[in-house]
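Novice: quick one: sequence and predicted model below, then my questions.
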Amino acid sequence: MRLIDTHNHIDFPDFDADRPALLERCRALGVERQVLLGVFRENWERVIELAEQHTELHAALGLHPIYLAQHKPEHLRDLRDMLQRLAGHPKLCAVGEIGLDYYVEELDREAQQALFEEQLRIAIDVELPVLLHVRRSHAAVIATLKRLRVPRRGIVHAFAGSREEAREYLKLGFRLGLGGAPTWPQANRLRKVVAELPLEAIVLETDAPDMAPAMYPGQRNSPEHLPAICEALAELRGVSAEELAAASTQNAREVFGWS
C-alpha cells in the first residue's frame, strides 16, 4: 500500500528522540508522504525546516484556534508574509491548522471567527488549500465556507460530524480526514457515517501524537499506525485496504496538487 498521512504533528517534542528512525519505519510501511501542521507562530520555521530536511515531509502553516491566547495581531501579518515569501516552494502545501473550536468553552468565539476568516482570506490570496480544525462548530464553519469560497478547498481534519454535515462539506468540494477516532467500537454514530461516505470524499490521517487508534490504546500516536488505520476503516466500509489506500492517496494528491 502507498499512503499519505494528511495531518500530523511530528515536529512536536514527543518525536525528538526517534524522529529519523520513525520516518524510516514509515517509509518501509508505505507511508510515502506526510503533512506537518503549523499551529502557532513559534513553530512555523521548525515545520518548514523539517519538511526541507526530509523528502517525504510537507508543510502547512497556520494559527490554531486552541492557541488563541498566544496569537497576536502581527502573527496574521507574519503568516501572510511568510506564505507569500514561500510561494511556489515545493514543500509548502496548505494553510493550516485553522478553524473553530467550540468544545473548549473559554475560547472566545468572536475572536476565533475573526482569526479564521482572515486566514481563509490569506489562503484565497496565496492560492492554497486549507486544513480545518472543526470541533462542535460544523454549522459555523460551513456557513463561513459558503460565504468565503476558497478556490483550492481543502480537508476537514478529524471529521466527526453527521451525514448531513458531511454532505455540506462535499458539496463545497472539501475532503474529509479520517484517522483513529472511527476505529473505536464505541464511536457508533461516526462509524455509521464513515461506512457510507463515498470513496472520493476520504483522505487518511493520524494527528500524531494525538488521537491514537483503538489498536494502540494509550500510546503515542504515530504515522506508522496509518496502515493499521487504513485496514480498520476498510473493514468498516467492506472494501479492501488496498482500495481504500489507493483512493485516499489519490484524493490527497488532488487536494495538494501533487502529480
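Specialist: All right, it came through fine. Since we're looking at a predicted model, the values are computed, not measured. Residues are numbered from 1 along each chain as shown.
Novice: for the rest of this, base every contact and every neighbour count on C-alpha atoms.
Specialist: Noted.
Novice: show me what the longest strand belonging to the chain is packed against.
Specialist: For the chain, the strand with the greatest residue count under DSSP state E is strand 92-101. For strand 92-101, the elements it packs on are strand 57-61, helix 109-126, strand 130-135, judged by 3 or more Cα pairs under 8 Å, 6 or more residues apart in numbering; DSSP states H and E.
Novice: relative to residue 37, which of these is closest?
Specialist: Residue 37 lies closest, by Cα to Cα, to one member of the helices and strands packed on strand 92-101: strand 57-61, at 4.9 Å.
Novice: packing partners of the closest one?
Specialist: Using 3+ Cα pairs under 8 Å, 6+ apart: strand 57-61 touches strand 31-37, helix 44-53, strand 92-101.
Novice: angle of the helix or strand following it against strand 57-61?
Specialist: Next in sequence after strand 57-61, counting helices and strands by DSSP states H and E, comes helix 73-85. Put simply, helix 73-85 runs at 140 degrees to strand 57-61, going by axes from the mean of the first three to the mean of the last three Cα atoms, to 10 degrees.
Novice: contacts for helix 73-85?
Specialist: With Cα atoms under 8 Å, 6 or more residues apart in numbering as the test, helix 73-85 has contacts from 41, 61-62, 118-119, 122, 126.
Novice: of those residues, grab the buried ones for ChimeraX.
Specialist: Buried residues among the contacts of helix 73-85 (16 or more other Cα atoms under 10 Å), as a ChimeraX selection:
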select :41,61,62,119,122,126
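Novice: dump the contacts of helix 73-85 to CSV, plus distance to residue 174 and pLDDT.
Specialist: Listed next are the contacts of helix 73-85 as CSV, based on distance: Cα to Cα, whole Å; pLDDT from 0 to 100:
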residue, distance to residue 174, pLDDT
41, 26, 98
61, 18, 98
62, 18, 98
118, 19, 98
119, 17, 98
122, 18, 98
126, 18, 98
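Novice: mind listing the helices for the stretch 151-259 of the chain?
Specialist: Taking DSSP state H, counting those that start in this stretch as the criterion, the stretch 151-259 of the chain carries its helices at 163-171, 188-196, 226-237, 241-256.
Novice: could those helices go into JSON lines alongside mean neighbour count and mean pLDDT?
Specialist: Putting the helices of the stretch 151-259 of the chain into JSON lines (neighbours: other Cα atoms under 10 Å; pLDDT from 0 to 100) gives the following:
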{"stretch": "helix 163-171", "mean neighbour count": "16", "mean pLDDT": "98"}
{"stretch": "helix 188-196", "mean neighbour count": "17", "mean pLDDT": "98"}
{"stretch": "helix 226-237", "mean neighbour count": "21", "mean pLDDT": "98"}
{"stretch": "helix 241-256", "mean neighbour count": "20", "mean pLDDT": "98"}
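Novice: residues contacting the closest residue to residue 196 other than its chain neighbours?
Specialist: Leaving aside its sequence neighbours, residue 196 sits nearest to residue 237 (Cα to Cα, 6 or more residues apart in numbering; 7.4 Å). Listed by Cα under 8 Å, 6+ apart, the contact set of residue 237 reads 194-196.
Novice: could you dump those into CSV and include distance to residue 104?
Specialist: Putting these into CSV (distance: Cα to Cα, whole Å) gives the following:
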residue, distance to residue 104
194, 25
195, 29
196, 29
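Novice: which of the helices of the stretch 151-259 of the chain sits closest to residue 12?
Specialist: It's helix 226-237; of the helices of the stretch 151-259 of the chain, that one is closest to residue 12 (Cα to Cα) at 18.1 Å.
Novice: for the closest one, what is the distance to the chain centroid?
Specialist: Here the centre of helix 226-237 is set off from its chain's centre by 18 Å, with Cα atoms, centre = their mean, to the nearest Å.
Novice: same question for stretch 81-97.
Specialist: Between the centre of stretch 81-97 and the centre of its chain there are 15 Å (Cα atoms, centre = their mean).
Novice: now do stretch 207-219
Specialist: 16 Å.
Novice: re the thing from before, adding distance to residue 21, write the contacts of helix 73-85 out as CSV.
Specialist: Below are the contacts of helix 73-85 laid out as CSV (distance: Cα to Cα, whole Å):
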residue, distance to residue 21
41, 27
61, 25
62, 27
118, 38
119, 35
122, 36
126, 34
